[in-house]
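Sequence first, predicted coordinates after that:
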Amino acid sequence: MTSKDRIAQPWGSRTPYGPGEDWPVRVDAHLEEGLSPGDVDCWVQTASILHSNGDALDVAVKDGRIAGVRGRAADRVNHGRLGVKDLYGWQANSSPDRLTRPLVRENGRLVETDWDTAMERIVRRTRELLDEQGPSALGFYTTGQLFAEEYYTLGLIAHGGLGTNHVDGNTRLCTATAAAALKESFGCDGQPGSYTDVDHADVIALYGHNMAETQSVLWMRILDRLAGPNPPQLICVDPRPTRVAEQATVHLAPRPGTNVALMNGLLHEIVAHDWVDHDYVEAHAVGFQELQKRVEEYTPEYVSGICDVPAEQIREAARILGTAERLLSTVLQGFYQSNQATAASVQVNNINIIRGMLGRPGCGILQMNGQPTAQNTREAGGDGDLPAFRNWSNDEHVKDLARVWNVEPMDIPHYSPPTHVMQMMRYVEDGSIRLLWVSGTNPAVSLPELQRIRSILQQERLLLVVQDIFMSETAQLADVVLPAATWGEKTGTFTNVDRTVHLSEKAVDPPGEAKPDLDIFIDYARRLDLRDKDGDPLVKWTDAEGAFEGWKECTRGRPCDYTGLTYEKLRGGSGVQWPCNDEHPDGTERIYQDGKFWSAPDYCESYGRDLVTGAPLEPDEYRSMNPSGKAVIKAAAYLPPHELPSEDYPLQLMTGRTLYHFHTRTKTGRAPQLQDAAPEVWVEVSESDADAAGLAEGDLARVSSPRGSVEAQVRITGIRPGSLFLPFHYGYWDTSGGHEPDGAGRAANELTITDWDPASKQPIFKTAAARIERIAAGSGPSKAPTTTASAPVADLGTRTVGDGSATASEEVGGRRRSPETAGGATTEGAAR
């Protein structure tokens, strides 16, 4: 296929297979124009950086620059396939506007300087604040796109060296609820499922998970199952007409913010029909009686009145879930970023637990991630948690970590839960945090209520340090800007959602004076002269492999045990799933087999939280509830969102992602094919709401909330009435405003509310009250993609799922099936 074909047909051609069979290989590749495979100087091993699936690939190097990519056929995750962001996003590495020298603010302007000047400014202020106020003056906000080695080093410095509790990652915005839900149900982070469960499942349920756009290669795997013999049934929960919804046996489109009510309705039916594995529940779970009592009132009719979903659809979905022989459940931002995020996601876990659908082929849960190294952020302490899933409330865990780091236990802050980013912003706002170091993320676009965030980040009393590869909106507000190396320019490991660890090797040199994030963190520790309790350097490594060996030792005996891995073991073949140790030298495909969990009171990562207040449970409370370390069935009542539609703001706004962009477009916006596929912000509205507002396709509209407004072209879609959707990727770095609106707003987070889930502390991006009004007539259709959930309503029902064409597919059991087509040529290799 040509480049144009893969933009128009982003999931490529089908390679059908049946249950229990191996997923066929299909190698996808793309090289810069005029370059053939024979012209490539060398291929260097890595994995994807522009989404969370963890697809293994090789980077093509020509004359010292990245010149293309190809999928790795031997890898267990993708079997050679690549998504569109992988195929084209690498071009951002060589963008001419990369940051190449440090910058410091002088007389209100950022000016170039040398590394010594920039670092000494940070170090001097760090020392001043430590002397004046102590560690509480320092905050670190990182990303889900660095390497495990870098997060671990940052966590060691922040927690073990400086003693601050103010550490978080932007994973707080996308998948903090994944970790929280797993901790509530299983006492520990770590995914019970494996991607290979797709190969065996007879029912796959996707809750708030637009997999076709967020993990497109995993969606290819499902499409290939659907195209093969004995395909699985799909349940889709999503207010939008996604490609997943098109393929679903049952599509439930609830009113935004009502996910807990819907889940309780499904659980009501499963319990009422006794589709419960009582032997499994009795042996391996606690809390079933509480759940049984809680869901009794949530009849399909009652839930229908809350969610605006037909009662018969709820019954049918519950029947499919309740009679599945092998159930795979997946969850993403549609639940994580909505009202009662953790409570809703825990109910998904509850379905698999009471059905006994864990630890066997086709039986699993994937509380999905949203970034390529989000799992490492959580594992290694980049989100503020103690590394290797240690429990901050367990003194023995703190002592063990102090042993690994060779520091005193009281040097590691564990007096309260780690500070999440929304609270950190409040501390900056009130002057408590006075140095904030932001690495690899762009809060001036990605955090809610941006007018407030911009004012916080511009406070004169704050020293804002930004470590990035481009002059992002946040970097433009910084006092010190540090140019970082990125993927392909440094070495390290990263882990995807199904616990597969990949090695990413350095392929080319970073531009100018840019440095790997690891080198920057180590330099900071050296300049501060951070020491362990014996007077030796706190950070004992100088390169990535040394950091990996340190990280391995930290994981010894913990759930995410890496001790059986080495860089050499990760070279050449497939990624390997943790735990990998002496007991499991080849990795572990599935955890929680035979009902064995990591939830014992002395071993678990978390004692859980109250799902309404977020208050942590005390150790004695947890021990009394779950003395034997079983799965925890935790029930929840539905509570309405804090902000409801009103006369002034009658609609509900959801924000989210599109297939062709990642986060705030700092990389994908610089890849021509991806930028051309989705060049400008749009707003999705239903036909009935468009009619009520006098809107036509392509009109310019103003979307407003109590916090601000955005102007966008109208796309009329099959979204549920009463709802609006804005993609959150579009900020201001490529506009005249630079870091803020120059007139009309463009960033979706101008509108979102400062509110978060009480348990996971994840911001709520999907239930803001809003209104829409016409500004001007359009000159043509919106430039929003037509291949995805944003397709115009006129196209719905006429697309062949999986190939982006405009012809109807065969209907099978209420679900469209894509035709079986052969492989392509240029960007898509032959299947075998």
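Done, it's in. Numbers count the residues shown, from 1 in each chain.

before we move on, what SS does Gly745 have?
Here Gly745 is recorded as coil under DSSP: H, G, I helix; E, B strand; the rest coil.

hang on, isn't it packed against Val710?
Yes. Taking C-beta atoms under 8 Å as the definition, Gly745 is a contact partner of Val710 at 4.3 Å. All C-beta spots, glycine's among them, are computed from the backbone N, C-alpha and C.

So for these two, which residues contact both of them?
Taking C-beta atoms under 8 Å, 6 or more residues apart in numbering as the criterion, Gly745 and Val710 both touch Leu751.

show me where the stretch 451-600 of the chain has helices.
Under the criterion DSSP state H, counting those that start in this stretch, the stretch 451-600 of the chain carries helices at the ranges 517-528, 544-555, 567-570.

for the stretch 601-750 of the chain, same thing?
Using DSSP H, counting those that start in this stretch, the helices found in the stretch 601-750 of the chain span residues 619-625, 672-677, 687-693.

How far off centre is the second one?
Which is helix 672-677. From the chain centre to the centre of helix 672-677 is a distance of 22 Å (C-alpha atoms, centre = their mean, to the nearest Å).

For it, name the packing helices and strands.
In terms of contacts (3 or more C-beta pairs under 8 Å, 6 or more residues apart in numbering; DSSP states H and E), helix 672-677 is packed against helix 3-8, helix 84-89.

lowest-confidence stretch among those?
Among those, helix 3-8 carries the lowest mean pLDDT, a mean of 82.

export the helix or strand just after that one as CSV, just CAs?
Sequence-wise, the next helix or strand downstream of helix 3-8 (DSSP states H and E) is strand 26-31. C-alpha atoms of strand 26-31 as CSV (Å, rounded to 0.1, in the frame of the first residue of the first chain):
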residue,chain,number,x,y,z
ARG,A,26,2.1,-9.1,8.4
VAL,A,27,5.1,-6.8,8.2
ASP,A,28,4.3,-3.1,7.7
ALA,A,29,7.0,-0.6,6.7
HIS,A,30,7.5,2.9,5.5
LEU,A,31,10.7,4.6,4.2
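
and strand 26-31, what does it pack onto?
helix 3-8, strand 65-71, helix 84-89, strand 828-831.

quick one: which of those is nearest Arg14?
Closest to Arg14 of those is strand 828-831 (C-beta to C-beta; 8.7 Å).

so where's the protein shaky on pLDDT?
The chain contains residues with pLDDT under 70 at 1-4, 795-832.

most packed of the helices of the stretch 601-750 of the chain?
Each of these was scored by mean neighbour count; the highest is helix 672-677, a mean of 18, by mean count of other C-beta atoms under 10 Å.

what's in contact with it?
Here helix 672-677 makes contact (C-beta under 8 Å, 6+ apart) with 3, 7, 84-85, 87-89, 91, 660-661, 665, 668-669, 785.

and with 6 Å instead?
3, 7, 88, 660, 668-669, 785 (C-beta atoms under 6 Å, 6 or more residues apart in numbering).

okay, now the residue nearest to Gly64 when sequence neighbours are not counted: neighbour count?
Nearest non-adjacent residue to Gly64, counting by C-beta to C-beta, 6 or more residues apart in numbering: Val508, 5.8 Å away. Look at Val508: counted by other C-beta atoms under 10 Å, it has 19 neighbours.

check contacts around Val508.
64-66, 489.

Ala701 and Arg715 touch, don't they?
No. Contact criterion C-beta atoms under 6 Å: Ala701 and Arg715 do not qualify, at 10.0 Å.

May I see the contacts of helix 672-677 arranged in a markdown table, with neighbour count as well?
Formatted as a markdown table, these follow (neighbours: other C-beta atoms under 10 Å):
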| residue | neighbour count |
| --- | --- |
| Ser3 | 16 |
| Ile7 | 23 |
| Tyr88 | 27 |
| Tyr660 | 29 |
| Thr668 | 25 |
| Gly669 | 24 |
| Pro785 | 24 |
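
Just give me the closest of those to Lys761.
Ranked by distance to Lys761 (C-beta to C-beta), the contacts of helix 672-677 are led by Thr668 at 27.5 Å.

right, and the closest one touches His661 too?
Yes. Judged on C-beta under 6 Å, Thr668 makes contact with His661 at a distance of 4.5 Å.

Which single helix of the chain contains the most residues?
helix 115-132 (DSSP state H).

Sort out which residues of it are buried, please.
Buried residues in helix 115-132, counted by 16 or more other C-beta atoms under 10 Å: 118-119, 121-123, 125-126, 129-130.

hmm, who's touching it?
By C-beta under 6 Å, 6+ apart, helix 115-132 touches 102, 104, 137, 434-435, 463, 465, 480, 527-528.

Give the closest residue to Gly708 in space, chain neighbours not counted.
Sequence neighbours aside, Glu750 is the residue nearest to Gly708 in space, at 3.8 Å (criterion: C-beta to C-beta, 6+ apart).

Please report the distance of the one you found from Val703.
For Glu750, the distance to Val703 equals 9 Å [C-beta to C-beta, to the nearest Å].
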